[in-house]
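In: Fold the stuff below for me.
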Amino acid sequence: MPLSLLAASVFLASCATTPRMSESDELALYMSHSEPVQKVTYREPIGWDDVGDSHVLLTIKPTEGWLLRLVPDCLDWSGSGPALTVSNIAGVVTSGFDSVTRVGPGTQIGCRIQEIRVVDLGAVRDARNAQSGT
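Out: Below is the predicted model of the structure:
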(Lines give C-alpha, C1' and ligand atoms only; values in the text may rest on other atoms or scores of the structure.)
Protein backbone atom coordinates (compact mmCIF):
# COMPACT_ATOMS: atom_id res chain seq x y z
CA MET A 1 0.00 0.00 0.00
CA PRO A 2 1.51 3.40 -0.95
CA LEU A 3 2.79 5.55 1.86
CA SER A 4 0.48 8.35 0.77
CA LEU A 5 -2.54 6.17 1.51
CA LEU A 6 -1.28 5.49 5.01
CA ALA A 7 -0.53 9.11 5.84
CA ALA A 8 -3.41 11.18 7.15
CA SER A 9 -3.46 14.90 7.47
CA VAL A 10 -5.40 17.61 9.18
CA PHE A 11 -6.18 21.11 8.00
CA LEU A 12 -6.26 23.67 10.74
CA ALA A 13 -6.97 27.36 10.69
CA SER A 14 -4.80 29.55 12.84
CA CYS A 15 -6.32 32.32 14.87
CA ALA A 16 -4.80 34.79 17.25
CA THR A 17 -7.32 36.39 19.58
CA THR A 18 -5.18 37.62 22.43
CA PRO A 19 -2.08 39.82 22.56
CA ARG A 20 1.06 37.76 22.21
CA MET A 21 4.24 37.82 24.19
CA SER A 22 7.54 37.86 22.32
CA GLU A 23 8.27 34.69 20.36
CA SER A 24 11.33 33.89 22.49
CA ASP A 25 9.34 34.32 25.74
CA GLU A 26 6.47 32.27 24.36
CA LEU A 27 8.82 29.48 23.27
CA ALA A 28 10.55 29.50 26.67
CA LEU A 29 7.15 29.23 28.40
CA TYR A 30 6.13 26.23 26.28
CA MET A 31 9.53 24.57 26.73
CA SER A 32 9.34 24.94 30.51
CA HIS A 33 5.97 23.17 30.62
CA SER A 34 6.70 20.32 28.22
CA GLU A 35 8.64 17.11 27.83
CA PRO A 36 10.24 15.68 24.70
CA VAL A 37 8.91 12.44 23.23
CA GLN A 38 9.93 10.43 20.17
CA LYS A 39 6.36 9.89 18.98
CA VAL A 40 2.74 10.60 19.83
CA THR A 41 -0.52 8.89 19.00
CA TYR A 42 -2.20 11.07 16.42
CA ARG A 43 -5.30 12.93 17.57
CA GLU A 44 -6.86 15.59 15.42
CA PRO A 45 -5.72 19.02 16.66
CA ILE A 46 -8.29 21.71 17.40
CA GLY A 47 -5.95 24.55 16.41
CA TRP A 48 -2.38 25.66 15.81
CA ASP A 49 -0.08 28.62 16.21
CA ASP A 50 3.39 29.38 14.90
CA VAL A 51 6.04 30.03 17.55
CA GLY A 52 8.98 31.63 15.79
CA ASP A 53 10.56 30.43 12.57
CA SER A 54 10.93 26.78 13.48
CA HIS A 55 8.24 25.80 16.00
CA VAL A 56 4.52 25.08 15.69
CA LEU A 57 2.19 24.51 18.63
CA LEU A 58 -0.69 22.15 17.85
CA THR A 59 -3.52 22.35 20.38
CA ILE A 60 -4.79 18.81 20.87
CA LYS A 61 -7.26 19.54 23.66
CA PRO A 62 -7.66 22.50 26.04
CA THR A 63 -5.02 21.12 28.42
CA GLU A 64 -2.62 19.44 25.95
CA GLY A 65 -0.58 20.58 23.00
CA TRP A 66 2.36 19.39 20.95
CA LEU A 67 5.25 21.75 20.33
CA LEU A 68 6.86 20.64 17.09
CA ARG A 69 10.39 21.80 16.23
CA LEU A 70 10.81 21.86 12.47
CA VAL A 71 13.77 22.32 10.17
CA PRO A 72 14.81 25.96 10.83
CA ASP A 73 13.31 28.58 8.52
CA CYS A 74 11.45 25.93 6.52
CA LEU A 75 7.96 27.39 6.71
CA ASP A 76 7.27 30.81 5.21
CA TRP A 77 4.56 32.09 7.57
CA SER A 78 3.86 35.17 5.47
CA GLY A 79 3.74 33.62 2.02
CA SER A 80 1.27 30.75 2.14
CA GLY A 81 -2.24 29.90 3.27
CA PRO A 82 -3.59 29.47 6.80
CA ALA A 83 -3.74 25.68 6.79
CA LEU A 84 -1.35 22.95 7.91
CA THR A 85 -1.27 19.23 7.34
CA VAL A 86 0.48 16.86 9.72
CA SER A 87 1.59 13.50 8.37
CA ASN A 88 1.26 10.35 10.43
CA ILE A 89 1.57 6.67 9.71
CA ALA A 90 -0.99 4.29 11.20
CA GLY A 91 -2.04 6.94 13.73
CA VAL A 92 1.46 7.78 15.01
CA VAL A 93 3.41 11.03 14.50
CA THR A 94 7.15 10.35 14.78
CA SER A 95 9.98 12.84 15.28
CA GLY A 96 12.53 12.68 12.46
CA PHE A 97 10.11 10.94 10.12
CA ASP A 98 6.82 12.84 9.82
CA SER A 99 6.35 16.38 8.60
CA VAL A 100 4.21 19.49 8.75
CA THR A 101 3.11 21.03 5.47
CA ARG A 102 1.92 24.61 5.07
CA VAL A 103 -0.82 24.63 2.45
CA GLY A 104 -2.10 27.57 0.44
CA PRO A 105 -3.21 28.44 -3.07
CA GLY A 106 -0.56 26.90 -5.31
CA THR A 107 1.80 26.45 -2.36
CA GLN A 108 2.77 23.40 -0.37
CA ILE A 109 5.89 23.58 1.77
CA GLY A 110 6.72 20.45 3.77
CA CYS A 111 9.01 20.53 6.81
CA ARG A 112 10.33 17.51 8.70
CA ILE A 113 9.53 17.35 12.43
CA GLN A 114 12.83 17.35 14.33
CA GLU A 115 11.38 17.21 17.85
CA ILE A 116 8.00 16.64 19.51
CA ARG A 117 7.30 18.00 22.97
CA VAL A 118 4.03 17.31 24.82
CA VAL A 119 2.94 20.61 26.39
CA ASP A 120 0.79 20.99 29.52
CA LEU A 121 -1.39 23.86 28.31
CA GLY A 122 -3.13 24.11 31.69
CA ALA A 123 0.22 24.88 33.33
CA VAL A 124 1.03 27.36 30.54
CA ARG A 125 -2.27 29.19 31.18
CA ASP A 126 -1.62 29.23 34.93
CA ALA A 127 1.87 30.69 34.34
CA ARG A 128 0.48 33.37 32.00
CA ASN A 129 -2.21 34.27 34.54
CA ALA A 130 0.39 34.52 37.31
CA GLN A 131 2.52 36.83 35.12
CA SER A 132 -0.41 39.08 34.28
CA GLY A 133 -1.80 39.05 37.82
CA THR A 134 -5.21 37.65 36.89
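In: pull the helix or strand with minimum mean pLDDT from this protein.
Out: In the chain, no helix or strand scores lower on mean pLDDT, DSSP states H and E than helix 3-6, which sits at a mean of 32.
In: Give me the contacts around the following helix or strand past that helix.
Out: Going down the chain from helix 3-6, the next helix or strand is helix 23-32, by DSSP states H and E. With C-beta atoms under 8 Å, 6 or more residues apart in numbering as the test, helix 23-32 has contacts from 20-21, 51-52, 55, 57, 65, 67, 117, 119, 124, 127-128. Every C-beta, even on glycine, is put in place using the N, C-alpha and C of the backbone.
In: Pull out the buried residues from the longest strand seen in the chain.
Out: When the chain is parsed with DSSP state E, its longest strand is strand 107-120. Neighbour counts over strand 107-120 (16 or more other C-beta atoms under 10 Å) mark 111, 113, 116, 117, 119, 120 as buried.
In: Just name the closest of those to residue 43, please.
Out: For those, the residue nearest residue 43 by C-beta to C-beta is residue 116; the value is 12.9 Å.
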